[in-house]
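> Would you be able to build a 3D model of this:
(4 chains)
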2 protein chains.
Amino acid sequence: MRILVVEDDVNLNRQLTDTLKEAGYVVDQAFDGEEGHYLGDGEPYDAVILDIGLPEMDGITVLEKWRGAGKVMPVLILTARDRWSDKVAGIDAGADDYVTKPFHVEEVLARIRALIRRAAGHASSEIVCGPVRLDTKGSKATVNGVALKLTSHEFRLLSYLMHHMGQVVSRTELVEHMYDQDFDRDSNTIEVFVGRLRKKIGNDLIETVRGLGYRMQAPGMVSKDAKS
Amino acid sequence: MRILVVEDDVNLNRQLTDTLKEAGYVVDQAFDGEEGHYLGDGEPYDAVILDIGLPEMDGITVLEKWRGAGKVMPVLILTARDRWSDKVAGIDAGADDYVTKPFHVEEVLARIRALIRRAAGHASSEIVCGPVRLDTKGSKATVNGVALKLTSHEFRLLSYLMHHMGQVVSRTELVEHMYDQDFDRDSNTIEVFVGRLRKKIGNDLIETVRGLGYRMQAPGMVSKDAKS
DNA sequence: GTCAGTTCATGCGCATTCTCGTGGTCGAAG
DNA sequence: CTTCGACCACGAGAATGCGCATGAACTGAC
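This is a model prediction of the structure:
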């Protein structure tokens, strides 16, 4: 999962970024409205944290531009407590959530989790796929109740796949959401990680769709070949 | 749009209910946790406003029970300003949003609107043609509920045909949409794929219109008169 | 240095796709 | 009605290149 943080206060930005990274997210940073707009417009993020008061370009304007361009990723805006009207303006501009400053970082984290989860269409903080359970709250995964030991990239891969269960996820998509901005994409890293993950959770869960990508799905509903 | 308000403070409940009704929603009221849980479990709501501090059953518990039972309607929780940990717990229990007391009623209204709007975006994208269902989001197709195993080109073909149901689609058109570059046109690959697809989904669905191309259509619908 | 995690390179196996050839079907003209 | 030519279906083999396993090289943390 890849997140963009747009916040001009350097300390606050770093604080948010660090916490998110610790929680296993890939994070890009922007320190003014223009940079933020540019990144959010060009890169595929799973969520954005956007300050309202920004140099160069106002947060609301940034958000409106994104929505006008058809961007639908969840956006959490940060507002000052006394600027009540900002919240309404932000929500009307297409924000999915807001937090008022000052805030507890844990709260932002929880809301980001909820937004990402919601965007994928899951109600609770646990996603289940056959024997595999993903605890988005604790960044843990279990197979048949046994805790899985995953490296950070393996976890990110599993997490992204489980958030998009039943859908085919392309390699490019995976690379873009597992790594930040610049990454050499002509290599077979993704295949390697898929292979390793399969070894840990079982081969049946991640189906490879030749030419398109991978799809995670509970087995049992085996796709039957209708070649009668 | 039908909304449930679970709030034990009678005045606050009525205030919310009135505002929502004025805005054109249908509103049900509950004044304690058990009643709220019962209603939310049995009736289909488009959104729920849920207070955390409730007699009989805690709001968080109510929410967890709903989510555990598979209810996915958007829930907005109300918390006291100083109980920030409640917010985190609520969000992790599956709340979609929260508002801290005291609040402006317009704000609650704006957020309910946002929640309903967002929930509407999760409608699955499916095209149906007779026994065939195409899940464009998951790159999957089923015939009579049985999952089809399609190669990527077969899927692209089916997808294009189903997006233009009832229309005659020329070979050239298909080639142009199934391949990126210009493609050696004097080959019969399209025929081959149509043949393979027919084998998998049944012959009746793809009709060949001699000299023009193919047309996909649910069988049983009168299509003979078009050839006079 | 050691170790865990990650990236890169290679070669093989095989699903997928393309080509080709034959035979069948349709429609119009004689 | 018959005949002819164009169009189409389909099977089978050939060629392509994708996906995977494997192991070695690389990196950073301690």
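> Enumerate the positions of stretch A:116-136 that are buried.
A:116-120, A:122-127, A:129-134, A:136 (16 or more other CB atoms under 10 Å in any protein chain shown). In this view, the C-beta of every residue, glycine as well, is placed from N, C-alpha and C.
> Could you say which helix or strand holds A:Ile3?
Per DSSP states H and E: A:Ile3 is located in strand A:2-6.
> neighbouring strands for that strand, and are they parallel or not?
In the sheet, strand A:2-6 lines up against strand A:26-30 (parallel), strand A:47-51 (parallel) (DSSP bridges).
> Quick one: name the residues of chain A near DNA strand D.
A:171, A:188, A:191-192, A:194-195, A:198, A:208-213 (CB under 7 Å from any atom of the strand).
> Report pLDDT for A:Asp182.
On pLDDT, A:Asp182 comes in at 65.
> what about the longest helix in chain A?
helix A:105-119 (DSSP state H).
> Could you pull up the mean pLDDT of that one?
Across helix A:105-119, pLDDT averages out at 88.
> Next, the angle from that helix to strand A:2-6.
130 degrees (axes from the mean of the first three to the mean of the last three CA atoms, to 10 degrees).
> who touches helix A:105-119?
Identification of contacts with helix A:105-119 by CB atoms under 8 Å, 6 or more residues apart in numbering or on different chains yields A:1, A:3, A:15-16, A:19-20, A:23, A:25, A:46-47, A:49, A:73-74, A:76, A:96-97, A:99, A:123-125, A:127, A:136-137, A:163, B:84, B:87-88, B:91-92, B:95-96, B:118.
> returning to what we had before: point out the ones among the buried residues of stretch A:116-136 that are inside helices.
Among those, the members falling in helices (DSSP H) are A:Ile116, A:Arg117, A:Arg118, A:Ala119.
> JSON lines for these, including distance to A:Glu176?
As requested, those are exported to JSON lines (distance: CB to CB, whole Å):
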{"residue": "A:Ile116", "distance to A:Glu176": "15"}
{"residue": "A:Arg117", "distance to A:Glu176": "20"}
{"residue": "A:Arg118", "distance to A:Glu176": "21"}
{"residue": "A:Ala119", "distance to A:Glu176": "16"}
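> which of these lies closest to chain B?
Nearest to chain B among these: A:Arg118, at 6.0 Å, using CB to the nearest CB.
> Can you mark which positions in the helix or strand bottoming out on mean pLDDT in chain A are buried?
Lowest mean confidence among the helices and strands of chain A (mean pLDDT, DSSP states H and E): helix A:84-92, at a mean of 79. Neighbour-count burial for helix A:84-92 flags A:Asp86, A:Lys87, A:Val88, A:Ala89, A:Gly90, A:Ile91 (criterion: 16+ other CB under 10 Å).
> how close does the fifth one sit to chain B?
Put plainly, it is A:Gly90. A:Gly90 is 10 Å from chain B, where distance means CB to the nearest CB, to the nearest Å.
> dump the residue contacts of the spatially closest residue to that residue that is not a sequence neighbour.
Distance criterion CB to CB, 6 or more residues apart in numbering or on different chains; nearest residue to A:Gly90, sequence neighbours excluded, is A:Ile77 at 4.4 Å. The contact partners of A:Ile77, by CB under 8 Å, 6+ apart, come to A:Leu50, A:Asp51, A:Ile52, A:Gly59, A:Leu63, A:Asp86, A:Lys87, A:Gly90, A:Ala95, A:Asp97, A:Tyr98, A:Val99.
> host element of the fifth one?
Under the criterion of DSSP H and E, A:Leu63 resides in helix A:59-68.
> how about low-confidence regions in chain A?
Applying pLDDT under 70 to chain A flags residues A:182-185, A:220-228.
> That one against chain B: which residues are in contact?
A:72, A:84, A:87-88, A:91-92, A:95-97, A:104, A:106-107, A:110-111, A:113-114, A:118, A:121, A:123-125, A:137, A:166-168, A:209-212, A:215, A:221-227 (CB under 8 Å from any CB of the partner chain).
> for chain A, what spans make up the strands?
A:2-6, A:26-30, A:47-51, A:75-80, A:97-101, A:126-129, A:132-135, A:140-143, A:146-147, A:168-169, A:206-209, A:213-216 (DSSP state E).
> Would you mind giving those strands as CSV with distance to B:Gly202 added?
Formatted as CSV, the strands of chain A follow (distance: least, CB to CB, whole Å):
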stretch, distance to B:Gly202
strand A:2-6, 43
strand A:26-30, 45
strand A:47-51, 43
strand A:75-80, 45
strand A:97-101, 47
strand A:126-129, 31
strand A:132-135, 35
strand A:140-143, 39
strand A:146-147, 44
strand A:168-169, 24
strand A:206-209, 23
strand A:213-216, 25
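> could you give the angle of the strand holding A:Ile3 to strand A:75-80?
Here the directions of strand A:2-6 and strand A:75-80 differ by 30 degrees (the same axes, to 10 degrees).
> do you know how far A:Thr172 is from DNA strand D?
11 Å (CB to the nearest atom of the strand, to the nearest Å).
> With A:Ile49 instead?
Separation of A:Ile49 from DNA strand D (CB to the nearest atom of the strand) stands at 24 Å.
> Contacts only, for the closest residue to A:Ala120 other than its chain neighbours.
Closest residue to A:Ala120 in three dimensions, ignoring its sequence neighbours and counting by CB to CB, 6+ apart: A:His163, at 4.1 Å. Counting by CB under 8 Å, 6+ apart, A:His163 touches A:Met1, A:Ile116, A:Arg117, A:Ala120, A:His122, A:Ile127.
> And A:His163, how far from A:Ala147?
Per CB to CB, to the nearest Å, A:His163 is found 20 Å from A:Ala147.
> Do I have it right that A:Met178 meets A:Leu157?
Yes. Using CB atoms under 8 Å, A:Met178 is in contact with A:Leu157, at 6.3 Å.
> With neighbour numbers in mind, choose between those two.
Taking neighbours as other CB atoms under 10 Å in any protein chain shown, A:Met178 and A:Leu157 compare with A:Leu157 leading, 24 against 21.
> just to revisit the earlier point, list the neighbours of the helix holding A:Leu63 that are in contact with it.
Outside helix A:59-68, the residues that touch it by CB under 8 Å, 6+ apart are A:6, A:33, A:36-37, A:40-41, A:50-54, A:75, A:77, A:86, A:89-90, A:93-95.
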